[in-house]
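Asker: structure, please.
(4 chains)
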Number of protein chains: 4
Amino acid sequence: MAVRAAVAGASGYAGGELLRLLLVHPEVEIGALTGNSNAGQRLGALQPHLLPLADRVLESTTADVLAGHDVVFLALPHGQSAAVAEQLGPDVLVVDMGADFRLKSAADWEKFYGSAHAGTWPYGLPELPGARAALEGSKRIAVPGCYPTAASLALFPAYAAGLAEPDAVIVAASGTSGAGKGPKPHLLGSEVMGSMSPYGVGGVHRHTPEMIQNLSAAAGEPVTVSFTPTLAPMPRGILATCSAKAKPGVTAESVRAAYEKAYADEPFVHLLPEGQWPATASVYGSNAVQMQVAYDEAAGRVIAISAIDNLAKGTAGGAVQSMNIALGFAEETGLSTIGVAP
Amino acid sequence: MAVRAAVAGASGYAGGELLRLLLVHPEVEIGALTGNSNAGQRLGALQPHLLPLADRVLESTTADVLAGHDVVFLALPHGQSAAVAEQLGPDVLVVDMGADFRLKSAADWEKFYGSAHAGTWPYGLPELPGARAALEGSKRIAVPGCYPTAASLALFPAYAAGLAEPDAVIVAASGTSGAGKGPKPHLLGSEVMGSMSPYGVGGVHRHTPEMIQNLSAAAGEPVTVSFTPTLAPMPRGILATCSAKAKPGVTAESVRAAYEKAYADEPFVHLLPEGQWPATASVYGSNAVQMQVAYDEAAGRVIAISAIDNLAKGTAGGAVQSMNIALGFAEETGLSTIGVAP
Amino acid sequence: MAVRAAVAGASGYAGGELLRLLLVHPEVEIGALTGNSNAGQRLGALQPHLLPLADRVLESTTADVLAGHDVVFLALPHGQSAAVAEQLGPDVLVVDMGADFRLKSAADWEKFYGSAHAGTWPYGLPELPGARAALEGSKRIAVPGCYPTAASLALFPAYAAGLAEPDAVIVAASGTSGAGKGPKPHLLGSEVMGSMSPYGVGGVHRHTPEMIQNLSAAAGEPVTVSFTPTLAPMPRGILATCSAKAKPGVTAESVRAAYEKAYADEPFVHLLPEGQWPATASVYGSNAVQMQVAYDEAAGRVIAISAIDNLAKGTAGGAVQSMNIALGFAEETGLSTIGVAP
Amino acid sequence: MAVRAAVAGASGYAGGELLRLLLVHPEVEIGALTGNSNAGQRLGALQPHLLPLADRVLESTTADVLAGHDVVFLALPHGQSAAVAEQLGPDVLVVDMGADFRLKSAADWEKFYGSAHAGTWPYGLPELPGARAALEGSKRIAVPGCYPTAASLALFPAYAAGLAEPDAVIVAASGTSGAGKGPKPHLLGSEVMGSMSPYGVGGVHRHTPEMIQNLSAAAGEPVTVSFTPTLAPMPRGILATCSAKAKPGVTAESVRAAYEKAYADEPFVHLLPEGQWPATASVYGSNAVQMQVAYDEAAGRVIAISAIDNLAKGTAGGAVQSMNIALGFAEETGLSTIGVAP
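Answerer: I've put the predicted structure just below:
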């Protein structure tokens, strides 16, 4: 018997992608769909690619509407999940696709988000050491940020294997859907097509502490992260170019071996054959992470590059993957490693 | 028990899209994959988005390799299918995604393709009147061209209902994948990004006689077609803007009624609510046709606009849909009306 | 001695493009720059590509600020120009880049714009018959719409030469800058990249009556226009595919001859050699119109296709060209037929 | 009296951009245009955006054709310039837009290019310390690579001021025109639109030793460079995200001051106001470098990000700028800091 899932924030990009995935999930039945400014509108007008749901009408995001579901996905702006979550009972699986419950450090939360810390939930990046165990049976899941997903998966094997010095440099390019559906002038097609531009430079991007949290845990020592996000002229995808100085004694072989070992049994992380590099186009619409790693001997650095779909594995796909674990479904249920290309 | 399908031309865009669809088709098992210049290569190097098939190796396109399958898909350059097809037995379902068997008129074939006509197979556009019956149980299918799919579905209801004069004007924009994977200078990203350009203007495009064939059959009289294809800066998608002078007495209501009737029971053709217009982004990766129609009273024309994914419904999805009919599967098996957006 | 020009609406796309052109115009000195919601801001923050003006600060759009200039360009939303223009003296050259003074028919204005008609000014498309004479010495100029520029130049030679029946079909693709800088959800990069979509279908687009006005004048009889604009995934450019049924006796040669004659001496309209078709990329940033024409004998239609830069020849370049004529400068002063490609 | 310039390699992207610039250069007259495989063709068919040169016909690249010019620009594949250059007399200014004469180290040349080193010419990046003096009156100029232009200008002030440790990390995104006009499958529009992908990872890209050469000279000590180029879905532009660990005692103020000092008098390098970050769209078609710098205290790194047009300042604009210096023209002659946007 299928679980019944509600989606709060069904009119945005994360909500739309989640619905795209839930529509083909064999264990899930789609229940209430909510939005706030869009309540009362047909989903067909807001998400015209989701034809099977075209005649569904958005409701308001209230406790009443969200009640009576087995799972509630929250695809809300940062800072709004906590208030909704506390109105949901302890037996409902709540999957927060926002940032509210990702960080362990209240100080980091306050510094980067400027409000009171709501708490910390099991972190939905199953590939990290220990993450699966925390997710199994959990009723609360904090879905990681899209950049931290790409960057943490790229670098944690190097840290876990003791190959890298604790100073990571991460430069990532993201498609525009990562910035959401709110109409802002710098996100207009006229502005983004033909343009690459950085933002949140110098350690101020909110995903920075989340990367530090993940990589420090893998390294067993504090890792600093220099993170520069850039906006790329494409709708989806993250390409994360990540590097760190190699520890003494590192070789190309030891680097390769660490990544092969880390990802040998992972269903969604695909270490490419040597010489082939990832492209975001190859994971378009897919839950796969394509990855390659190299050791630059002259520069003395380990370089790992990952490509993900920011809305799929980076948000909604990651959410479904963690939901599967929490509910005891096979982890790959309803998810795919097949991209839509070209 | 699943049918076993071979794909000849698995390294190109049509072949890749077909594999993407067959991978999730519950009744099909993927057999031999062939290519010519690429024989011997890993599919992972050629179609990096198809991770489950990454380790498959392309074979040569020979009768031996293609033997022993229930279905053989031919995704070959125009003019090459006939030679391969005649080596396959009469009990094998052969689905030709090229042009070789689409046209009924040998004269048209010779004029537009410059070679001898190979014959005519049942035409794989099930939405056209009588098409399904011809496909049921057939062992040979000619998959329509991508432009004729978009344009014929846009205009045939107007012709079938006797609403339009027999002079159609079709201007269609196609994504670049329609031009194939062969590297030509004008298809370079540097050339196509930021550019719209026409080609094959003035009735010389090879899809013109196919449109004429379809629309004339619907109208019951010869229809002329002025067809202008344009290359748009996007990887996939066709937007076909189609119009014809309205016959006397036509009204907005009679136009709407004709399209509602034509597509009421079609699983893949979606007539949008009045006032909403199709966008290629909404059918990205999907087998859906999104459509809208209007009557411009001042200009006296019926205007129908359709959006399809040229590789999906326009090629590989159409091929699977017709295969389903031919083999007696439910028509929607393995196909979806859900697009990947944004 | 240079003329002094003010630009009202300097923060938008039309205003920005105008400034780009005026910066290299040898006879113009840039005076006041105004904006309303952006008054007080540095131009460097709003138009970061115009480095020589980066430190200029926008003022409010008031009669006082605009006073004391030889030329005032109005790059304002439709309907706002008339109020500003009447505060400017009769000796000031006022160039309206909005729609307010384009239409001769008050009834058309009221039908399409829903307000009172402000009047009709000399029409700034110098290539049309009689247009240059009306512009010489004029103190008021109505700059044409971008679509009417592309479509009128494509079709008027056919009408002027009596080659085409009075029923034109125009399907045009425009870059997103044509929709302006106001942030609307459907103009987000996430929405437009990878997507072609129509809008204003069925004769309701406001540029329709302007096309009818131009083509009817050329034909000497009323011409109907079926106009379908589409939004293309590129920042700039219009590709207008225009056709009409040929009158009896028309031949490919007579069509070619009419266009060669019409454009033999035009500095900005370039009829391409036979067989070469225009691309918007070739006119990016340029004031050129690239054009090709064909006669489709089977369909009995004349097809003319033009490519322009909607912001350059389609708006700001056209404005400068007409200003040059009005002020007695050489028509090509400060303008270029060189595009930026690829 | 204008100097007469020949362009060898006029059919490619670098050659086309050079012609675009020379067409508006007041001191240059365009002489012979050569190509090899394209000899005999009209330039209008190869560079349709350069209308004033449309009827020019390409000649073969021979010493005879190139003779009798004051300046010869070589826009040839790497390794072909030396053979042509030695046939040109010592009084002709030869500007090599290829790599042949950029590197000082013969060992580096041989390692990265696999052929014999042809020599070292004055390096055409005038903003580097000492570069202008070497260019003045020189008859030979080696135009820098596009990535080294962007990266060296981003980081040399930090090294020259002693602010950065000698281990630079450079991740740069380039438009596809940087990969040239030769049709290769991975450069097809279908492949690049919607995709970010790295290449030449791990220190193997040929621009790496050139960056090391420039930054080491600025630092006065050997600098290692970890360089990762990525291909971005846009025709033009480079965004270079460059960082290095800060030396002890560095502050945000000392970093800012170093860059303000380095670029105070540079006509083409524009350090943006604090808080504003560069975008490649802002330098489209312009010779400007837009730059911003930050000090990330938590990560202990100086981060400098530059945006250039790879074909303009990164190749052809840089070539003209250096030619101006060599011939004693004002450095800005014929060049612009105005971009074409949006």
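Asker: drop to CA atoms for contacts and neighbour counts, all remaining ones
Answerer: Noted.
Asker: can you show me the strands along the stretch 51-200 of chain A?
Answerer: All strands of the stretch 51-200 of chain A, identified by DSSP state E, counting those that start in this stretch, fall at A:71-74, A:93-96, A:140-142, A:164-174, A:197-198.
Asker: now the stretch 201-342 of chain A
Answerer: Taking DSSP E, counting those that start in this stretch to define them, one finds strands in the stretch 201-342 of chain A at A:224-231, A:238-246, A:269-271, A:289-296, A:301-308.
Asker: so which of those strands comes closest to chain C?
Answerer: strand A:224-231 (10.9 Å; C-alpha to the nearest C-alpha).
Asker: coming back round to it: nearest to chain D, of the strands of the stretch 51-200 of chain A?
Answerer: Chain D lies closest to strand A:197-198 among the strands of the stretch 51-200 of chain A, at 4.4 Å (C-alpha to the nearest C-alpha).
Asker: list the contacts of the residue in the stretch 101-250 of chain A positioned nearest to chain B.
Answerer: Nearest residue of the stretch 101-250 of chain A to chain B: A:Pro235, at 6.1 Å (C-alpha to the nearest C-alpha). Residues near A:Pro235 by C-alpha atoms under 8 Å, 6 or more residues apart in numbering or on different chains: A:175-177, B:342, C:189-191, C:193, D:194.
Asker: quick check: the residue of the stretch 151-300 of chain A nearest chain B.
Answerer: For the stretch 151-300 of chain A, C-alpha to the nearest C-alpha, closest residue to chain B: A:Ser282, 4.1 Å.
Asker: how close does that residue sit to A:Ala288?
Answerer: With distances taken as C-alpha to C-alpha, to the nearest Å, A:Ser282 is found 9 Å from A:Ala288.
Asker: neighbour count winner among those two?
Answerer: Between A:Ser282 and A:Ala288, counting by other C-alpha atoms under 10 Å in any protein chain shown, A:Ser282 is the more crowded of the two (31 against 28).
Asker: my guess is the more buried one meets A:Thr337, correct?
Answerer: No. Using C-alpha atoms under 8 Å, A:Ser282 is not in contact with A:Thr337, being 9.6 Å away.
Asker: which residues are common contacts for these two?
Answerer: Between them, A:Ser282 and A:Thr337 share these contacting residues under C-alpha under 8 Å, 6+ apart: B:49-50.
Asker: against chain B, how distant is the nearest residue to A:Gly237 once chain neighbours are set aside?
Answerer: Of all residues not flanking A:Gly237 in the chain, A:Asp309 sits nearest, at 4.2 Å (C-alpha to C-alpha, 6 or more residues apart in numbering or on different chains). Using C-alpha to the nearest C-alpha, to the nearest Å, A:Asp309 is found at 11 Å from chain B.
Asker: same question, A:Val320
Answerer: Computed as C-alpha to the nearest C-alpha, the A:Val320 to chain B distance reads 17 Å.
Asker: and what of A:Ala54?
Answerer: A:Ala54 sits 10 Å away from chain B, going by C-alpha to the nearest C-alpha.
Asker: so what's that residue up against?
Answerer: Contact analysis of A:Ala54 by C-alpha under 8 Å, 6+ apart lists A:42-45, A:47-48.
Asker: returning to what we had before: and the strands of the stretch 201-342 of chain A: which comes nearest C:Ala240?
Answerer: Minimum separation from C:Ala240 across these (C-alpha to C-alpha) falls at strand A:224-231, 31.5 Å.
Asker: just checking: what are the partner strands of the closest one?
Answerer: Sheet neighbours of strand A:224-231, with direction, are listed as strand A:164-174 (parallel), strand A:197-198 (antiparallel) (DSSP bridges).
Asker: how big is the angle separating that strand from strand D:289-296?
Answerer: Following axes from the mean of the first three to the mean of the last three C-alpha atoms, to 10 degrees, one obtains 150 degrees for the angle between strand A:224-231 and strand D:289-296.
Asker: now strand A:224-231: mean pLDDT?
Answerer: Averaged across strand A:224-231, pLDDT comes to 98.
Asker: contacts for it?
Answerer: Applying C-alpha under 8 Å, 6+ apart, the contact partners of strand A:224-231 are A:166-176, A:192, A:196-203, A:205, A:208, A:211-212, D:241, D:296, D:298-299, D:301.
Asker: likewise stretch A:279-290?
Answerer: A:150, A:236-239, A:268-272, A:278, A:306-309, A:311-313, A:317-318, A:335-342, B:48-50, B:340, D:191, D:194-198.
Asker: who touches the closest residue to chain C within the stretch 151-300 of chain A in this structure?
Answerer: Residue nearest to chain C within the stretch 151-300 of chain A: A:Gly189 (3.4 Å; C-alpha to the nearest C-alpha). For A:Gly189, the contacting residues are C:176, C:187-193, C:233-235, by C-alpha under 8 Å, 6+ apart.
Asker: could you rerun that using 10 Å?
Answerer: A:176, A:233-235, C:175-177, C:181, C:183, C:186-193, C:233-235, D:342 (C-alpha atoms under 10 Å, 6 or more residues apart in numbering or on different chains).
Asker: mind checking pLDDT for it?
Answerer: Note on A:Gly189: pLDDT of 98.
Asker: pull the number of nearby residues for A:Asn38.
Answerer: For A:Asn38, the count of nearby residues is 18 (other C-alpha under 10 Å).
Asker: and the longest helix along chain A with strand A:301-308, angle?
Answerer: The single longest helix within chain A, with elements called by DSSP state H, is helix A:146-160. Helix A:146-160 runs at 140 degrees relative to strand A:301-308, counting by the same axes, to 10 degrees.
Asker: buried set for helix A:146-160?
Answerer: Going by neighbour count (16 or more other C-alpha atoms under 10 Å in any protein chain shown), the buried part of helix A:146-160 is A:146-160.
Asker: and that helix, how far from the chain's centre?
Answerer: The chain centre lies 11 Å from the centre of helix A:146-160; the measure is C-alpha atoms, centre = their mean, to the nearest Å.
Asker: who does that helix touch, helix- and strand-wise?
Answerer: Packing partners of helix A:146-160 (3 or more C-alpha pairs under 10 Å, 6 or more residues apart in numbering or on different chains; DSSP states H and E): strand A:164-174, helix A:208-219, strand A:224-231, strand A:238-246, helix A:252-263, strand A:289-296, strand A:301-308.
Asker: got the domain ranges for chain A?
Answerer: As assigned by the TED database, chain A contains the domains A:3-143+A:314-327, A:147-308.
Asker: turn those into CSV, including distance to D:Ala262.
Answerer: Output for the domains of chain A, formatted as CSV (distance: least, C-alpha to C-alpha, whole Å):
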stretch, distance to D:Ala262
domain A:3-143+A:314-327, 33
domain A:147-308, 21
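Asker: how many residues are close by A:Ala133?
Answerer: 13.
Asker: now the helices: where do they sit in the stretch 1-150 of chain A?
Answerer: Using DSSP state H, counting those that start in this stretch, the helices of the stretch 1-150 of chain A run over A:13-22, A:43-46, A:63-66, A:81-85, A:106-113, A:131-135, A:146-160.
Asker: coming back round to it: tell me which of the strands of the stretch 201-342 of chain A lies nearest to C:Ala63.
Answerer: strand A:224-231 (40.4 Å).
Asker: for the nearest residue to A:Met1 once chain neighbours are set aside, give me the pLDDT.
Answerer: Once flanking residues are discounted, A:Met1 sits nearest to A:Glu27: 7.2 Å by C-alpha to C-alpha, 6+ apart. According to the prediction, A:Glu27 has pLDDT 98.
Asker: for A:Glu27, what are its contacts?
Answerer: Counted by C-alpha under 10 Å, 6+ apart, A:Glu27 has contacts A:1-4, A:324, A:329, A:333-334.
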